[in-house]
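**Student:** Kindly return the folded structure for what I paste below:
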Amino acid sequence: MGFVVTSVQAKAIMRFVASDLTNGDNIGHKQAIPSIDLQFYTPTEFEILTHLANLIIPKTDTLGAIEAGVPVLMDVLYSSWASKQTQGEHKAHLKLLLKYLNQQIPSFTSTSKIQKTNVIEHIDNLAFVNVQDKETKTNKTILEAYKSIKHMVTRTYYSTEVGASKELRYLLIPGKWDGCLPMTENTRTWA
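**Tutor:** Below you'll find the model as predicted:
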């Protein structure tokens with residue numbers, strides 16, 4: 001049951017995402033998802049995950065989650081590695097989060113990047129900063145769903161070459177061990 005993303009498929013996904021990320025605010029509403037043999041996600045789920053991954057780890061001076069291939073890698077991991085229970089929980093989290101996002105902004109996937117970012121920042125604050133949301137009383141289950149998806153996106157990103165060696169500092173064969181190094185504002189964390 002192995003799954004391999006061909007370089008052609010990976011390049012098609014990157015072109016698909018990059019065109020919308022560099023030219024506009026929306027991913028996917030202008031064009032269909034490129035031909036990729038998804039093993040776990042439906043095309044709609046993959047599109048949502050792509051949006052979320054881009055908002056969670058956007059491209060900055062280092063490559064983001066999309067450029068690192070996180071959505072494709074997550075499809076591979078969930079189809080070939082995850083247990084049925086884990087697969088079911090992840091799909092339920094994705095469905096629950098999409099329902100919440102569409103309640104906040106109708107048609108989440110086709111709205112502007114600014115609106116999507118605002119909604120994700122709001123739910124991120126609720127989930128991680130313990131901001132009290134008295135107006136909507138966001139359901140704890142939705143927050144757990146968001147945390148779970150964000151956790152998997154970040155873990156997957158930092159397991160890629162881009163995340164582990166470009167974003168983080170990486171030295172294959174380190175020199176002497178020095179347990180006390182001065183930290184500056186520009187010091188990055190080690191992988």
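**Student:** now the helices: where do they sit in the chain?
**Tutor:** 7-23, 43-56, 70-80, 84-104, 113-124, 140-158, 161 (DSSP state H).
**Student:** Need these in JSON lines (columns: distance to Asp37).
**Tutor:** For the C-beta atoms, the positions are set from N, CA and C on the backbone; glycine is no exception. Shown next, in JSON lines, are these (distance: least, CB to CB, whole Å):
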{"stretch": "helix 7-23", "distance to Asp37": "7"}
{"stretch": "helix 43-56", "distance to Asp37": "11"}
{"stretch": "helix 70-80", "distance to Asp37": "9"}
{"stretch": "helix 84-104", "distance to Asp37": "17"}
{"stretch": "helix 113-124", "distance to Asp37": "27"}
{"stretch": "helix 140-158", "distance to Asp37": "19"}
{"stretch": "helix 161", "distance to Asp37": "22"}
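**Student:** Out of the ones you listed, flag the one nearest Pro182.
**Tutor:** helix 140-158 (24.2 Å; CB to CB).
**Student:** hang on, the earlier thing: for the helices of the chain, which one sits closest to Thr184?
**Tutor:** Closest to Thr184 of the helices of the chain is helix 140-158 (CB to CB; 21.9 Å).
**Student:** Over the helix or strand just after the closest one, what's the mean pLDDT, rounded is fine.
**Tutor:** Next along the chain after helix 140-158, taking DSSP states H and E as the criterion, comes helix 161. Per-residue pLDDT over helix 161 has a mean of 86.
**Student:** looking at the chain, which helix or strand does the model trust least?
**Tutor:** One helix or strand of the chain scores below all others by mean pLDDT, DSSP states H and E: helix 7-23, with a mean of 50.
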